[in-house]
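Participant: how would this look folded up:
(one chain, ligands or ions: 2)
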Amino acid sequence: MTIVQSSVYEPLTEQKATALAVRLGLFRDGAPLACREIGDGNLNLVFHIVDQETKQGVIIKQALPYAKVVGESWPLTLKRAVIESNALRTFASYVPQYVPKVYYSDESLAITVMEDLSRLQIARKGLIEGKTYPLLSQHIGEFVAKMAFYTSDFGMNQQEKKKLAQSFVNPELCKITEDLVFTDPFFDRDTNNFEDELRPDVETLWGDDRLHLETAKLKRKFLTEADVLLHGDLHTGSIFASDDETKVIDPEFAFYGPIGFDLGQFFANLLLNALSRPELERQPLFEHVDRTWNVFASVFSELWRTESVETYAHTPGLLEDVLRQTFVDAVGFAGCEVIRRTIGLAHVADLDGIEQKEARLAAKRHALRLGRRLIIERAELTGTDGFRRLFAETKQ
Ligand SMILES: Nc1ncnc2c1ncn2[C@@H]1O[C@H](COP(=O)(O)OP(=O)(O)O)[C@@H](O)[C@H]1O
Ligand SMILES: CSC[C@H]1O[C@H](OP(=O)(O)O)[C@H](O)[C@@H]1O
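Facilitator: Ligands and ions are numbered 1, 2, ... in the order given. Okay, here's the model as predicted:
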């Protein structure tokens, strides 16, 4: 379905969202509808509309002209809704099993109408409750590998790739990541947010020249490498899961960027959950990191060998080089994400939800040490075991 431009923008209310759902014919005539705004993310409104008899629902997600978490003082483009619905549709053309169906979108209203995934649970929430989601890493590894390969110069016509990349130019949302992930947490900036007790640890980080140099290299990659179409914000709060299903949502940060970025964000959020757990309960998170990488590497390699459109694809050593660089970058990006989710603007419930203050501060100090080592030592890691080693070595 194409994106339509039919109305003048206004933020929806629960009543208006219901009226819109009726107007769009999303429910049978006369269905008794209930609507609730359930958005718990940093940026947008999310309306859940349900037929109370059949229990069937839909989701209407609407962008606000500002960042919800900060308010109207932080204006933000409504175009992100178009990026989000186009990204969901592009993902659906390669991996429909891993994204919600998009029923309708309207650029002027900045809305995406999509499949209701309430039968699943946001993975971050489940992981915090101690769930393990046995297929999560199998599915995410496959999702990232297929999207990376098929949207790259090796998986699609190279002229078409340039056009696709153009349609995902996303400067304002990329700027959020450039600032909040790669810059602000490493300097004394107003956006940072951390407990007073962490100030000495944070100031040490701010004065770390080696860390600045290595983070700068990672930021440069993010700014300059238009390699593959990325989700752009692949944290565990952007993933719905159950024991047998996984669905990726919220790709409003989608853009053409470095292949290791989505992997790094996902690894980091698994590690952040591990940091919040007692030692004996961390193993499933490390296993998810292992499996994500293994599945990614094997699916990506198979596609490269069998479906590549680039003459040089079969040059001995090239695939190995791409995989190695992707891994090293992913480790570094993971380090940046771990640090920014600990002291930057947007935190995670995994760490902030640790009730006992000393335990919370200890976990956050551990996160800062771990994030720093991941960034600085990324090229020395020879495999995902390195995550376990650095996690253990940064405990104290
Ligand atoms: N397709 C969906 N089905 C059911 N609930 C959804 C769906 N999309 C989003 N939600 C709910 O809305 C919340 C916020 O959605 P999200 O896309 O992450 O918004 P934001 O862009 O503001 O971060 C999710 O955590 C989830 O609870
Ligand atoms: C001011 S945006 C902060 C932060 O929020 C986004 O996450 P989400 O939309 O999933 O809540 C993204 O991670 C941004 O860095």
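
Participant: what residues does the stretch 51-200 of the chain have near ligand 2?
Facilitator: 67, 69, 176-177, 180 (Cβ under 6 Å from any ligand atom). Where you see a C-beta, it was placed from the backbone N, CA and C, and this is true even at glycine.

Participant: how does it look with 5 Å?
Facilitator: 67, 180 (Cβ under 5 Å from any ligand atom).

Participant: can you map out the strands along the stretch 51-200 of the chain?
Facilitator: Assigned strands in the stretch 51-200 of the chain, in chain order: 57-63, 66-67, 71-75, 102-106, 111-115, 121-122 (criterion: DSSP state E, counting those that start in this stretch).

Participant: want to throw those into JSON lines with mean pLDDT and distance to Ala19?
Facilitator: Formatted as JSON lines, these follow (pLDDT from 0 to 100; distance: least, Cβ to Cβ, whole Å):
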{"stretch": "strand 57-63", "mean pLDDT": "98", "distance to Ala19": "11"}
{"stretch": "strand 66-67", "mean pLDDT": "94", "distance to Ala19": "24"}
{"stretch": "strand 71-75", "mean pLDDT": "94", "distance to Ala19": "25"}
{"stretch": "strand 102-106", "mean pLDDT": "97", "distance to Ala19": "14"}
{"stretch": "strand 111-115", "mean pLDDT": "98", "distance to Ala19": "13"}
{"stretch": "strand 121-122", "mean pLDDT": "98", "distance to Ala19": "28"}
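
Participant: JSON lines for these, including distance to Asp250 and mean neighbour count?
Facilitator: What follows is those, written out as JSON lines (distance: least, Cβ to Cβ, whole Å; neighbours: other Cβ atoms under 10 Å):
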{"stretch": "strand 57-63", "distance to Asp250": "8", "mean neighbour count": "24"}
{"stretch": "strand 66-67", "distance to Asp250": "14", "mean neighbour count": "17"}
{"stretch": "strand 71-75", "distance to Asp250": "18", "mean neighbour count": "10"}
{"stretch": "strand 102-106", "distance to Asp250": "13", "mean neighbour count": "20"}
{"stretch": "strand 111-115", "distance to Asp250": "10", "mean neighbour count": "24"}
{"stretch": "strand 121-122", "distance to Asp250": "10", "mean neighbour count": "18"}
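
Participant: could I get the ones you listed as JSON lines with distance to ligand 1?
Facilitator: Output for the strands of the stretch 51-200 of the chain, formatted as JSON lines (distance: least, Cβ to the nearest ligand atom, whole Å):
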{"stretch": "strand 57-63", "distance to ligand 1": "4"}
{"stretch": "strand 66-67", "distance to ligand 1": "9"}
{"stretch": "strand 71-75", "distance to ligand 1": "13"}
{"stretch": "strand 102-106", "distance to ligand 1": "10"}
{"stretch": "strand 111-115", "distance to ligand 1": "5"}
{"stretch": "strand 121-122", "distance to ligand 1": "5"}
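
Participant: and the residue nearest the centre of the chain, what does it touch?
Facilitator: Central residue of the chain (Cα atoms, centre = their mean): Leu234, 1.5 Å from the mean position. By Cβ atoms under 8 Å, 6 or more residues apart in numbering, Leu234 lies in contact with 140, 144, 248, 262, 265-266.

Participant: for those residues, which one is nearest Gly332?
Facilitator: Gln265 (11.7 Å; Cβ to Cβ).

Participant: which other helices and strands contact the helix or strand that contains that closest one?
Facilitator: Assigned by DSSP states H and E, Gln265 falls within helix 261-276. Here helix 261-276 touches helix 123-128, helix 136-150, helix 283-307, helix 318-343, helix 349-352, helix 357-376, helix 385-393, going by 3 or more Cβ pairs under 8 Å, 6 or more residues apart in numbering; DSSP states H and E.

Participant: taking helix 136-150 as reference, get the angle to that helix.
Facilitator: For helix 261-276 against helix 136-150, the angle by axes from the mean of the first three to the mean of the last three Cα atoms, to 10 degrees is 160 degrees.

Participant: list the buried ones in helix 261-276?
Facilitator: 261-276 (16 or more other Cβ atoms under 10 Å).

Participant: check contacts around Asn44.
Facilitator: 61-64, 68, 252.

Participant: any idea how far Thr90 is from Leu361?
Facilitator: Counting by Cβ to Cβ, to the nearest Å, the gap from Leu361 to Thr90 is 42 Å.

Participant: neighbour-wise, which of the two wins?
Facilitator: Using other Cβ atoms under 10 Å as the criterion, Leu361 and Thr90 rank with Thr90 on top: 20 against 17.

Participant: closest one of the contacts of Asn44 to ligand 2?
Facilitator: Nearest to ligand 2 among these: Glu252, at 6.9 Å, using Cβ to the nearest ligand atom.

Participant: give me the neighbour count for the closest one.
Facilitator: Neighbours around Glu252, by other Cβ under 10 Å: 28.
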